[in-house]
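*Asks:* What shape does this take:
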Amino acid sequence: MIGKRFKHKLALLGSLLLVMGLVLSACGTTEDAKPQTTADQKIRIGYQKNGPLFILKNLGTLEKRLEPLGYKVEWNEFQAGPALLEALNAGSVDFGRTGNSPPVFAQASGSSLQYIAVAFSKFEGSGILVKADSAIQELEDLKGKTIGFAKGSSSHYLLVKALEKANLKYEDITPAFLSPGDARVAFEQGDIDAWVVWDPYTADTEVSTGARLLVNGEGLTTDRDFFLSSSEFAAEHSDILKEVIDEIQNSSNWANENPEELTKMLSDILGIDEASMKLAVDRRVHGVEKEISDEIIAEQQSIADTFYELGIIPTKINIKERIFSFEKDGGK
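*Replies:* I've put the predicted structure just below:
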């Protein structure tokens, strides 16, 4: 009898130990399931010189902000937006900034990019340059001329609208598709009659060569910056994108409040004299719009429709369907 009771107690004790073991095991599993440090995660950012991401990169504040969240930042430089968005589509970068036209061309080519945020207009530093002694005095004088610009860039759209204002057709000029670096050489050697470009290239050429700005973007284009991400990264890391956008605004505030420091910083890094950089800095206000409004979407749709009607892009596209919503589309 005693033996049976003893065996029964042993069985109860065994069951109790088993349950405790399972509970402890479960506790251990829960602890293990806590988010691990994500120090090996990173966001790969594509940037161009003198844009808001260039300022953010050189201030170094994004790294400090994302480090506690376990993210590193990898910066990748591009000379123009189209190449940056090719990298975005290929999965080589996760996030970047371009002017208004590159996303249109990229979407028409099948990119799954998402519009994350939009910056203030910067039309004053973008325009059509001609030499000081050029016979070109008005937009109408561009007829029959060879004009350099980066294909698919914001300059491409500015030129189209300038020609439209002068009642000229795109076929009335000879386009010379050149990167800013190559176009500068062609412009100074007289191989092109005019050059459509953006700051700091515009300011540097005006100051150092005496070139004239035939027109800037006023009345032609708002020439906004757009911040873009791949659809995969936006869906999986919207929380990090919010942090990035917020830090872009912080660095933009610093840029607006410290024009002299910004001028010197950009001049030293870019190797452009301070007089040219001051001209570029003084005619731009940095900042991120609170939202990509219906008006801004309409601006961007107008650019897409214009390029489609001219046969410059092969497909009619819908901009609105690529506007990312942190509330609706964010996975985090």
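*Asks:* For residue 325, report the pLDDT, please.
*Replies:* pLDDT for residue 325: 88.
*Asks:* Count the residues that sit near it.
*Replies:* Around residue 325 sit 12 other residues, with neighbours defined as other C-beta atoms under 10 Å. From N, CA and C alone the C-beta is placed, and that goes for glycine too.
*Asks:* I'd guess it is in a helix, am I close?
*Replies:* No. Using DSSP: H, G, I helix; E, B strand; the rest coil, the assignment for residue 325 is coil, not a helix.
*Asks:* So it versus residue 93, what's the distance?
*Replies:* Using C-beta to C-beta, to the nearest Å, residue 325 is found at 22 Å from residue 93.
*Asks:* do residue 150 as well
*Replies:* Distance, residue 150 to residue 93, by C-beta to C-beta: 19 Å.
*Asks:* List of residues touching the helix or strand encompassing residue 302?
*Replies:* Assigned by DSSP states H and E, residue 302 belongs to helix 294-309. Residues outside helix 294-309 that contact it (C-beta atoms under 8 Å, 6 or more residues apart in numbering) are 100-101, 103-105, 107-108, 115, 118, 157, 160-161, 221-222, 224, 226, 289, 313, 315-320, 323.
*Asks:* Can you list which of these are found in helices?
*Replies:* Residues of these located in helices (DSSP state H): 101, 103, 104, 105, 107, 108, 157, 160, 161.
*Asks:* out of the residues you listed, which one sits closest to residue 268?
*Replies:* Of all the ones in helices among the contacts of helix 294-309, residue 101 has the smallest distance to residue 268: 30.2 Å, by C-beta to C-beta.
*Asks:* And the pLDDT at that closest one?
*Replies:* Value listed for residue 101 in the pLDDT field: 91.
*Asks:* right, and it touches residue 153 too?
*Replies:* Yes. The criterion here is C-beta atoms under 8 Å, and residue 101 meets it with residue 153 at 5.7 Å.
*Asks:* Could you tell me which residues make contact with residue 254?
*Replies:* Per C-beta under 8 Å, 6+ apart, neighbours of residue 254: 55, 59, 262.
*Asks:* Can you give me every residue that contacts residue 196?
*Replies:* By C-beta under 8 Å, 6+ apart, the contact list for residue 196 reads 126, 127, 128, 129, 147, 148, 149, 155, 156, 158, 159, 162.
*Asks:* Confirm it sits in a strand?
*Replies:* Yes. Judged by three-state DSSP, residue 196 forms part of a strand.
*Asks:* can you pull up the bridge partners for it?
*Replies:* Assessed by DSSP bridges, residue 196 has beta-bridge partners residue 128.
*Asks:* what separates it from residue 157, distance-wise?
*Replies:* Per C-beta to C-beta, residue 196 is found 10 Å from residue 157.
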